[in-house]
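In: build the 3D model from these lines:
(one chain, ligands or ions: 1)
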Amino acid sequence: MALTGVLRPGYTQIRVTDMQAAVDFYTNILGLVETGRDDSGRVYFKAHDERDHHCVILRLADKPGNDFYAFKVLNQATLGELEEKLNAYGVATERRPAGELLETGERVRFTIPTGHVFELYWEQTEVGDGLGYLNPPILIDNRKGISPIRLDHWQLHGADLDGTFDLFTKVLGFTLTEKILGEDGKTVMAVWLTCSNKAHDIAFVRDTRSDTLHHAAFLIETWEKLLNAADLMAKHKVFIDIGPLRHGITRGTSIYFFDPSGNRMETFCGGYSFYPDMKPYTWTWDEVGSAIFYHTRELNERFLTVVT
Ligand code: FE2
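Out: Below is the predicted model:
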């Protein structure tokens with residue numbers, strides 16, 4: 001199957017409680033590239049290997065968390081088709097005008113059953129990765145800090161997991177790659193979904209705290225660079241939740257950490273390639289430790305309880 005419809009996680013608007021500290025962290029520690037500031041004081045960033053204008057928007061607020069999450073879709077026709085499918089499914093949508101976000105075209109906004117606000121868009125100014133399109137070199141100059149190559153996925157929590165799962169699989173074209181069953185062996189507690197060839201583009205966890213974020217994840221090229229990211233976090237006294245570690249689910253490697261406002265982030269590396277003919281993996285409750293933290297096989301309290 002060619003990649004059509006929803007392509008990938010595009011951008012996320014993150015609430016920060018101290019903009020100066022946040023800009024310093026996202027620029028010099030996480031190592032994103034600032035690409036603009038708008039009239040309302042929001043600051044925009046992209047990761048080095050991304051070609052579009054931004055993947056992160058920081059907004060000053062009195063508490064951490066994310067305002068909305070956006071997926072890029074293939075083209076203008078796809079945006080209209082998905083909006084029609086959402087409406088036919090009973091999901092109300094709202095068109096947000098081009099230019100409301102810097103360098104971004106018209107967006108379709110809607111709320112999913114777990115309470116999160118999502119957007120679809122197809123157009124964002126291409127700023128490139130600085131390497132050009134003719135005989136490009138490999139190395140990007142002046143990379144700072146951890147320097148992930150792109151926004152990779154989110155893990156979101158909410159009560160109506162079944163409703164969100166149905167919406168993503170029946171309307172938005174996502175495919176289940178892995179799930180965790182509860183103690184009763186029946187209730188689905190968490191799902192990993194892909195819209196691409198990745199092991200996941202988004203994960204949802206059943207939780208009474210709807211409209212919450214567990215983490216936003218950024219992609220790292222190699223395990224060695226992930227280890228280097230941990231060294232950088234230690235040097236700069238970043239609050240590490242846990243890691244470096246291996247996941248059973250997705251088989252990716254990871255570090256979980258917090259930005260200065262308390263938003264949990266992940267640096268993620270690896271994971272298998274998924275094709276639509278592959279069956280999903282199922283994890284049982286007695287093996288949930290291995291599913292999440294493959295080596296230690298135990299979940300820590302903070303990882304289970306802190307969401308924003
Ligand atoms: Fe993750």
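In: what's the burial count for the closest residue to V188 other than its chain neighbours?
Out: Excluding its sequence neighbours, the residue lying closest to V188 (CB to CB, 6 or more residues apart in numbering) is K179, at 5.4 Å. Using the backbone N, CA and C atoms, a C-beta is placed for each residue, glycine as well. By other CB atoms under 10 Å, 21 other residues sit near K179.
In: by contact count, what packs against the biggest strand by length in the chain?
Out: In the chain, assigned by DSSP state E, the strand with the most residues is strand 6-16. Here strand 6-16 touches strand 56-60, strand 65-73, strand 150-158, going by 3 or more CB pairs under 8 Å, 6 or more residues apart in numbering; DSSP states H and E.
In: I'd like the ones you listed laid out as TSV, including distance to the ion, mean neighbour count and mean pLDDT.
Out: Formatted as TSV, the helices and strands packed on strand 6-16 follow (distance: least, CB to the ion, whole Å; neighbours: other CB atoms under 10 Å; pLDDT from 0 to 100):
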stretch	distance to the ion	mean neighbour count	mean pLDDT
strand 56-60	16	21	98
strand 65-73	14	20	97
strand 150-158	5	23	98
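In: now those in a markdown table, with distance to V238?
Out: Output for the helices and strands packed on strand 6-16, formatted as a markdown table (distance: least, CB to CB, whole Å):
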| stretch | distance to V238 |
| --- | --- |
| strand 56-60 | 17 |
| strand 65-73 | 19 |
| strand 150-158 | 19 |
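In: pLDDT below threshold where in this protein?
Out: Applying pLDDT under 70 to the chain flags the ranges 1.
In: one more pass at 80, please.
Out: 1-2 (pLDDT under 80).
In: hey, where'd the helices end up in the stretch 151-300 of the chain?
Out: Ranges of helices in the stretch 151-300 of the chain, per DSSP state H, counting those that start in this stretch, are 161-166, 223-235, 288-292.
In: so the residue nearest to V188 makes contact with W285?
Out: No - using CB atoms under 8 Å, K179 is not in contact with W285, being 11.6 Å away.
In: C269 and Y294: what is the separation?
Out: Relative to Y294, C269 is positioned 14 Å away (CB to CB, to the nearest Å).
In: neighbour count for the two, which is higher?
Out: Taking other CB under 10 Å, C269 and Y294 do not tie; C269 has more neighbours (25 against 16).
In: interface residues of the stretch 101-250 of the chain facing the ion?
Out: A217 (CB under 5 Å from the ion).
In: nearest to the ion: which residue in the stretch 101-250 of the chain?
Out: Per CB to the ion, the residue of the stretch 101-250 of the chain with the smallest distance to the ion is A217, at 4.3 Å.
In: buried residues in stretch 221-228, which are they?
Out: When burial is assessed from 16 or more other CB atoms under 10 Å, stretch 221-228 yields the following buried residues: L226, L227.
In: swap that for stretch 206-220, please
Out: Under 16+ other CB under 10 Å, the buried positions of stretch 206-220 are 206-207, 210-220.
In: will you turn the helices of the stretch 151-300 of the chain into a markdown table that also has distance to F257?
Out: Putting the helices of the stretch 151-300 of the chain into a markdown table (distance: least, CB to CB, whole Å) gives the following:
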| stretch | distance to F257 |
| --- | --- |
| helix 161-166 | 26 |
| helix 223-235 | 6 |
| helix 288-292 | 16 |
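In: and those: which comes nearest P276?
Out: Between P276 and the helices of the stretch 151-300 of the chain, the shortest separation by CB to CB is 17.0 Å, and it involves helix 161-166.
In: then that closest one to CSV, C-alphas only?
Out: Extracted C-alpha coordinates of helix 161-166, given in CSV (Å, rounded to 0.1, in the frame of the first residue of the first chain):
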residue,chain,number,x,y,z
LEU,A,161,-10.2,4.4,24.5
ASP,A,162,-12.7,2.3,22.5
GLY,A,163,-14.2,5.3,20.8
THR,A,164,-10.8,6.8,19.9
PHE,A,165,-9.6,3.5,18.6
ASP,A,166,-12.6,3.1,16.4
